[in-house]
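Chemist: Following is a predicted model, sequence given first.
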Amino acid sequence: MEETVSGVVGLEEVYGLKFKEFVSLDAGGPLTMTALTSGQVQAGDIFSTDPGIAENDLVSLEDDKSLFAAENILPIVRTDKVDDTITTTLNDVSAALTTEDLIEMNGRAGSGEALADIAKDWLTDAGLLK
């Protein structure tokens with residue numbers, strides 16, 4: 001079985017990049033963003049839905065060799081709790097939700113806005129809340 005590489009090793013093997021130094025930070029969180037924006041690091045692994053990318057004029061690099069796996073939102077429900085209403089609702093939300101929506105909602109959440117208000121606004125705007 002072929003071993004899959006990722007992270008710094010993958011960047012070196014798949015893309016041929018060589019790094020002077022590697023700094024272990026948080027998983028795409030505020031430490032990584034601060035290190036990027038302050039110039040402590042020149043590259044970092046952060047979530048594509050982080051509003052800090054646009055706010056800080058950072059450049060998202062395309063992973064055209066699929067080194068990093070996509071981390072899509074996936075609802076998980078116990079089989080004995082699923083019914084047609086739940087299935088239809090989750091499918092409707094999944095069809096309407098975009099990366100841009102998530103960036104905007106994450107920005108609002110990061111500024112302290114109530115999650116229930118953010119969700120209600122999005123559901124209303126998406127035409128999913130009557």
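Modeler: Arrived safely.
Chemist: Can you give the domain ranges for this protein?
Modeler: 1-71, 79-125 (automatic domain parsing).
Chemist: Tell me the helix or strand right after the helix or strand of the chain at the bottom of the mean pLDDT ranking.
Modeler: Counting by mean pLDDT, DSSP states H and E, the weakest-scoring helix or strand in the chain turns out to be helix 7-15, with a mean of 90. Next helix or strand after helix 7-15 toward the C-terminus (DSSP states H and E): helix 30-37.
Chemist: And the following helix or strand past that following helix, what does it pack against?
Modeler: Helices and strands here follow DSSP H and E; after helix 30-37, the next one along the chain is helix 52-55. Other elements packing on helix 52-55 under the criterion 3 or more CB pairs under 8 Å, 6 or more residues apart in numbering; DSSP states H and E are helix 99-110. Backbone N, C-alpha and C define where each C-beta goes, glycine included.
Chemist: Adding mean neighbour count, write the domains of the chain out as JSON lines.
Modeler: Formatted as JSON lines, the domains of the chain follow (neighbours: other CB atoms under 10 Å):
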{"stretch": "domain 1-71", "mean neighbour count": "12"}
{"stretch": "domain 79-125", "mean neighbour count": "12"}
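Chemist: rank these by pLDDT, which is bottom?
Modeler: Mean pLDDT is lowest for domain 1-71 among the domains of the chain, at a mean of 89.
Chemist: Now do the contacts for the residue lying closest to residue 105 once chain neighbours are set aside.
Modeler: Of all residues not flanking residue 105 in the chain, residue 118 sits nearest, at 5.1 Å (CB to CB, 6 or more residues apart in numbering). The contact partners of residue 118, taken as CB atoms under 8 Å, 6 or more residues apart in numbering, are 105, 108, 109.
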